[in-house]
Every structure is written in C-alpha cells, then in structure tokens.
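> got a predicted model here, sequence first, then my questions.
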Amino acid sequence: MPQAAPASFVSHFPLKAHNTFGFDVAARYACSIEHETQLAAAVNDPRAAALPRLVLGGGSNVVLKGDFDGLVLLVALRGRRVVREDDGAWYVEAAAGENWHAFVAWTLAQGLPGLENLALIPGTVGAAPIQNIGAYGLEMCERFASLRAVELATGEAIEFDADACRFGYRDSFFKREGRDRFVITSVTFRLPKAWTPRAGYADIARELSARGLGNAAPDAQAIFDAVVAVRRAKLPDPLELGNAGSFFKNPVIGSAQFDALQQREPDVVSYRQPDGSVKLAAGWLIDQCGWKGRAIGAAAVHDRQALVLVNRGGATGADVLALARAVQADVLARFGVELETEPVCL
C-alpha cells in the first residue's frame, strides 16, 4: 500500500460554503482529501481518533442542524477518463470530487450519451451512488458499472458492483449499512453504444416541442439542454436561495391503498409501477395541502416547486426540519400517506 500523504487539519472550519442550504455552522476539524491515501492519514490522526466523522462533497443532500463536533472529510478528488469499451458500451470513470453536472456535460462533449437526463442535479460524482440519483425517466443505477470506496476502519480500497451497492429508490448500501464506514473515491459508468433517447417525461416533451423538436427524435445534447431549461425554470439555484433540491421522496403505496385514495381524491397524480404498486407525486400532495410558498420563519416551501424547502436567509437546520415535519403532518392527515425525507439530517 502506498504511504499515506499528510493530512492537513483545519480547526473551527466554517461549513457555510460546503452545504447548499447555506447554514452558518462549523466543524471542530476539517481535512481536504485530494488523494485517496489521505483518508487513512486523516482518520488515523490522533486528533480524530475519538471523534465522529462526516464526509462532504458538494453538501447538496445534507441538513446540518448545528456545529459538527467532529472531523469533516472534504472530498476533493479530481479526474475523469474513458477507461475501456466493449461491443456494447463505453466505460467512463470519474473521481468522487468531480462536479456531477460538469461531468455529465463532459461525457456528451466526448460523444458519449447516456447521462443527459440527469443534468443539473447538484452535488458531486461520489454522492450520486449514495442517493441513486434520478430524474426525468432515468436512475443512475441504470448507467452504473462499479465504484471504488475506502473502508475507513482499515484503509482498504474495495471495488463494489451494482449488486453490492444494493440500489433502491433514492437509496443504496452507502446510505444505510455502509454509512460512516466507507468513502467513495471514484465511480465508473457504463454508457451504452446502442443509445436511445428518453424524452417521454411530460416536462421534457413539452420543452422539446417548444424548441421545435416535438416530431423528431432528439439527440442527447437536445435532451440535456431541455432538462437544464426545465430544472432552471422549476428549481432555485442554491447559490441564490439555499436548498437541497427535492426534500421529499415520491411515496410508493400499495394498489389497494391507492384505489381507496383515488376514490377520495380522483385527481391524485400517480404512476403505476411494474410490480403493481403506485408512486405518488409528493409535490402534488404538498401543494394540495396549501404549503407551496408558505414559510415558518426563514424556512419556506418554494413557491414554484413544493418538493423543495428553502432557506430564505438566516434559517437553521432545525428551522427547516420543523417546516418539514409540519408538511409531513398535513400530508398524512389529508391523504394517509407518509412522506420520507431525502437529505441526511445531522
């Protein structure tokens, strides 16, 4: 094993620029990880021996309720390359600290389609498998080949295939059993040579039609551009209004529960799943409860997308979580459906 590079600790490190909600909190220590070997050096440093650890990439899927009395590992690993190809696909690797949207744009610039539906999702490449990000008819796991992660307890680098990652809807092994045990350092994607567009999602189809592409098969760049336009129209820029993107998962309920709900709420927005269950649009449920645009203090539900909770300025993590609980309570009272949050709350 190569010798561990020195780990440089910074004490009382401000995290405001490292969480997309913009919460003004700090960590006891922070260490920037620019090389894989620095992970072992950081976690074995005597100052960190008894401290909790938090891994941050872009900080786009976390709610920090207060100062973090531990060590924050800031993933700053960089690099992207085409590693190989076979008859069916190209395999593209990116380091965990690469910006996700910039990576997607880069793959298209190389003539490698397949990730365009996931454009403009905030965060880093390393965070994508943890959340199994998805949007507009595509989940990351459908383009996933493998990842490399370092086990913090041993410093060992391990390769994970899709089965080992246990991907689910906005879920993975790394969000559950593997949380706090592993740090993802790189991800390899399988981009199919027999590419076909996924443009059936209503918002994307409308945007393509508005661009004069309604009757033609769009290329990957056209879908990328449409996704970017739709997301910018509906979702706030975290640099302008603190947020973590979609705050709630779209709930999935059984067929019998859905039939009873539809009798009471005939206009409920729903998507039948292959196994017979039904996915509901969480944003619609929240909107019907009158929460769109409403606020509790400086924490608010976004006025254009009810799935998004925002920091209007000066909100704390506790404020956002209080708002989330109020929204969840109203949705449960009216629809009998529990909303699960997407971000990790610490």
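Received the coordinates, thanks. Numbers count the residues shown, from 1 in each chain.
> where are the low-confidence patches of the stretch 101-250 of the chain?
Along the stretch 101-250 of the chain, segments meeting pLDDT under 70 span 214-215.
> where do the strands of it begin and end?
134-135, 138-139, 144-151, 157-161, 182-192, 242-246 (DSSP state E, counting those that start in this stretch).
> now those strands in JSON lines, with distance to A217 and mean neighbour count?
Glycine gets a C-beta too; all of them are placed from N, C-alpha and C. Formatted as JSON lines, these follow (distance: least, C-beta to C-beta, whole Å; neighbours: other C-beta atoms under 10 Å):
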{"stretch": "strand 134-135", "distance to A217": "20", "mean neighbour count": "18"}
{"stretch": "strand 138-139", "distance to A217": "17", "mean neighbour count": "18"}
{"stretch": "strand 144-151", "distance to A217": "25", "mean neighbour count": "21"}
{"stretch": "strand 157-161", "distance to A217": "32", "mean neighbour count": "14"}
{"stretch": "strand 182-192", "distance to A217": "16", "mean neighbour count": "22"}
{"stretch": "strand 242-246", "distance to A217": "29", "mean neighbour count": "24"}
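> tell me which of the ones you listed sits nearest to E36.
E36 lies closest to strand 182-192 among those, at 5.1 Å (C-beta to C-beta).
> that closest one: partners in the sheet, and parallel or antiparallel?
According to DSSP bridges, strand 182-192 forms sheet pairs with strand 89-95 (antiparallel), strand 144-151 (antiparallel).
> ranges for the helices of the stretch 101-250 of the chain?
Taking DSSP state H, counting those that start in this stretch, the helices of the stretch 101-250 of the chain run over residues 127-131, 162-165, 202-210, 220-234.
> give me whichever of these is most buried.
helix 127-131 (a mean of 26; mean count of other C-beta atoms under 10 Å).
> could the strands paired with strand 182-192 be laid out in TSV, adding distance to G114?
Shown next, in TSV, are the strands paired with strand 182-192 (distance: least, C-beta to C-beta, whole Å):
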stretch	distance to G114
strand 89-95	8
strand 144-151	11
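> of the ones you listed, which approaches G254 most closely?
The nearest among the strands paired with strand 182-192, by C-beta to C-beta, is strand 144-151 at 28.3 Å.
> give me the angle between the helix or strand containing L332 and strand 242-246.
Per DSSP states H and E: L332 is located in helix 317-335. Calculated by axes from the mean of the first three to the mean of the last three C-alpha atoms, to 10 degrees, helix 317-335 forms an angle of 40 degrees with strand 242-246.
> please shift the residue numbers so they start at 16 in all later answers.
Understood, numbering begins at 16; the last thing we discussed is helix 332-350.
> tell me how far the residue of the chain positioned farthest from its centre lies from G152.
With C-alpha atoms, centre = their mean as the measure, the chain has its most outlying C-alpha, relative to the mean C-alpha position, at Q278: 33.9 Å. In this view, Q278 and G152 are 29 Å apart by C-beta to C-beta, to the nearest Å.
> what do you get for V25?
42 Å.
> for D252, same thing?
Distance from D252 to G152, by C-beta to C-beta: 23 Å.
> ok, A348 next?
For A348, the distance to G152 - C-beta to C-beta - is 32 Å.
> and these two? Which one has more around it.
G152 (14 against 9; other C-beta atoms under 10 Å).
> which residues does the more buried one contact?
Applying C-beta atoms under 8 Å, 6 or more residues apart in numbering to G152 gives the contacts 132, 213, 215-216, 219.
> columns distance to R62 on top of these, output as TSV?
Listed next are those as TSV, based on distance: C-beta to C-beta, whole Å:
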residue	distance to R62
N132	43
R213	48
G215	53
Y216	48
I219	49
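> farthest pair in those residues?
Longest span within the contacts of G152, C-beta to C-beta: N132 and G215, 10.6 Å.
> between those two, which has more neighbouring residues?
Counted by other C-beta under 10 Å, N132 and G215 do not tie: N132 has more neighbours, with 25 against 9.
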